[in-house]
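A.B. asks: could you work out the structure for the sequence below:
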Amino acid sequence: MKKILVIDAGLKPGWTKKTADSIIEMLQESGVAECDRIVLRNEQISPCKGCALCLDRGENMCKYCDDSANQVLEKMLWADGIVTVTPNYSLQVPAILKNLYDRLAYVFHRPRLFGKVSIAIVVQGVYGGKKIVKYIDELMDFWGCRTIKGAVVTGSLYPTGTIPENIANKNRATISSAASRLITAVQNYKEKQPTFFRLAIFRMTRTSMKYSDEVLPADKEYYSNKGWFETQYYTDARLGPIRLMFGTLIDNMIRNMIRKANKKN
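C.D. replies: Predicted structure coming up:
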């Protein structure tokens, strides 16, 4: 049984909740998914203060480390698949979801959602949902997830409004397709070769930490504990010869840059 976490980022129990309800129902009907839901409006997640203690000294140094933010992350770690269902507010995610992302900013530095699949579903009245899907995909990719094609569905412009039956039917078909894509992705998950961009990010980051003292202590400790100073990539994904050469090139370039900078100092 695959474990799926659905994150409801609506500020009220409206169209976003209905969409979350629908995808949970469809996932459970598949018979292969165990679903859990987090309703962000019911969680106590204090506003990020931008102090950067989580980045510099570790997430446990945040003055709010005992609120719900890290608990949401624990649920993400539990899951095989993560569904983010969010409304479109002013062409972006609502404040409660953006605040969660800000509170978990240390995961950009210390990624940990490898082996998981992420899909974003945006509920909107008019326009802009595709860009929001792209934003969530990019964020979850940095955190380690494999992202799959998301979806945009239509809700009423107003909380108490209705939508025509043909739009409702289209929404159901869109959500059903999204649920099917997710189930297929989590059931058939296999590590793939990273893109050159993701490989470059890893090699630049870890080689900088390895040869420079000007790094964040929490990051260096995390990489050391993960054994990433000795690996080719975050995961055991098999790298082809071209990527192996590319990674070595990045390592050498960063190491030489640091050595030259140290000599000047």
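
A.B. asks: separation between the residue minimising distance to the centre of the chain and residue 162?
C.D. replies: Geometric centre of the chain, nearest residue: residue 140, 2.1 Å, by Cα atoms, centre = their mean. Residue 140 sits at a distance of 32 Å from residue 162 (criterion: Cβ to Cβ, to the nearest Å). All C-beta atoms are positioned from the backbone trio N, CA, C, and that covers glycine.

A.B. asks: could you do residue 66 as well?
C.D. replies: Note on residue 66: its distance to residue 162, by Cβ to Cβ, is 42 Å.

A.B. asks: same question for residue 138.
C.D. replies: 34 Å.

A.B. asks: over to residue 13?
C.D. replies: 16 Å.

A.B. asks: with residue 193 instead?
C.D. replies: 47 Å.

A.B. asks: out of the two, which sits in the more crowded spot?
C.D. replies: residue 193 (14 against 10; other Cβ atoms under 10 Å).

A.B. asks: wasn't that one part of a helix?
C.D. replies: No: the assignment for residue 193, made by DSSP: H, G, I helix; E, B strand; the rest coil, is coil rather than a helix.

A.B. asks: identify the residues contacting it.
C.D. replies: Residue 193 makes contact with 237, 238, 239, 240, 243, according to Cβ atoms under 8 Å, 6 or more residues apart in numbering.

A.B. asks: do residue 36 as well
C.D. replies: 3, 4, 5, 6, 75, 78, 79.

A.B. asks: okay, the helix or strand that it is a member of in CSV with CA atoms only?
C.D. replies: For residue 36, the host element (DSSP states H and E) is strand 33-39. What follows is strand 33-39, C-alpha atoms only, in CSV (Å, rounded to 0.1, in the frame of the first residue of the first chain):
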residue,chain,number,x,y,z
ALA,A,33,-3.1,4.1,-1.7
GLU,A,34,-3.3,5.0,2.0
CYS,A,35,-4.1,8.7,2.3
ASP,A,36,-3.4,11.2,5.0
ARG,A,37,-4.4,14.9,4.8
ILE,A,38,-2.9,18.0,6.3
VAL,A,39,-5.2,21.1,6.4
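
A.B. asks: average pLDDT across that strand?
C.D. replies: The average pLDDT for strand 33-39 rounds to 96.

A.B. asks: now that strand: buried residues?
C.D. replies: 33, 35, 37, 38, 39 (16 or more other Cβ atoms under 10 Å).

A.B. asks: where does the stretch 101-250 of the chain dip in pLDDT?
C.D. replies: Applying pLDDT under 70 to the stretch 101-250 of the chain flags residues 160.

A.B. asks: show me where it has its strands.
C.D. replies: 117-124, 146-147, 151-154 (DSSP state E, counting those that start in this stretch).

A.B. asks: list the helices and strands the longest one packs on?
C.D. replies: Counting contacts by 3 or more Cβ pairs under 8 Å, 6 or more residues apart in numbering; DSSP states H and E, strand 117-124 is packed against helix 15-29, strand 81-87, helix 129-142, strand 146-147, strand 151-154, helix 165-187.

A.B. asks: what does that strand rub up against?
C.D. replies: 10, 15-16, 19, 23, 80-88, 129-130, 132-133, 136-137, 140-141, 145-155, 175, 178, 181-182, 185-186, 189.

A.B. asks: shouldn't residue 129 be in contact with residue 155?
C.D. replies: No: applying Cβ atoms under 8 Å, one finds residue 129 not in contact with residue 155, separated by 10.4 Å.

A.B. asks: so what's residue 16 up against?
C.D. replies: 8, 9, 10, 85, 86, 87, 123, 155.

A.B. asks: for it, give its distance to residue 113.
C.D. replies: 22 Å.
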